[in-house]
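Student: below is the sequence, then the predicted model.
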Amino acid sequence: MSVIVPVEEIPEDSLKNLITAFVLREGTDYGEHEVALETKIQQVLAVIKRGDAQIVFSELEESFDIVSKADLQTMMSNDYQE
């Protein structure tokens, strides 16, 4: 089962570490120009605060992740079907 964790409940340092790990893991291509890591972190944080992505804790995997709103809906419906 997965649980949504409100961004306001995550300590600032932990949130930055989570987003940093996400950005580095994703290997996101930002086009022709290199984008600084701090800029990428701020962009992901803005998406989370806007509600287009959520922070989720997976009880099964005992880990946190950042997922898009669409992926979250799929995840949650799968959780309830199991």
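Tutor: Happy to help now that I have it. Numbering: from 1, shown residues only.
Student: pull out the buried positions in stretch 35-46.
Tutor: Residues of stretch 35-46 classed as buried by neighbour count (16 or more other C-beta atoms under 10 Å): Lys40, Ile41, Val44, Leu45. Just so you know, the C-beta spots here come from the backbone N, C-alpha and C atoms, and that holds for glycine as well.
Student: need phi/psi at Val67.
Tutor: phi -130, psi 150 (degrees, to the nearest 10).
Student: poorly predicted segments of this protein, please.
Tutor: Scanning the chain for pLDDT under 70 picks out 26-32, 78-82.
Student: going along the chain, name the helices of it.
Tutor: Along the chain, the stretches classed as helices by DSSP state H are 12-26, 37-50, 69-81.
Student: grab the nearest non-local neighbour of the spatially most central residue of the chain.
Tutor: For the chain, the residue nearest the mean C-alpha position is Ile66 (1.7 Å; C-alpha atoms, centre = their mean). Once flanking residues are discounted, Ile66 sits nearest to Phe22: 4.8 Å by C-beta to C-beta, 6 or more residues apart in numbering.
Student: my guess is that neighbour meets Val67, correct?
Tutor: No. The pair Phe22 / Val67 is not scored as a contact, 9.8 Å apart, by C-beta atoms under 8 Å.
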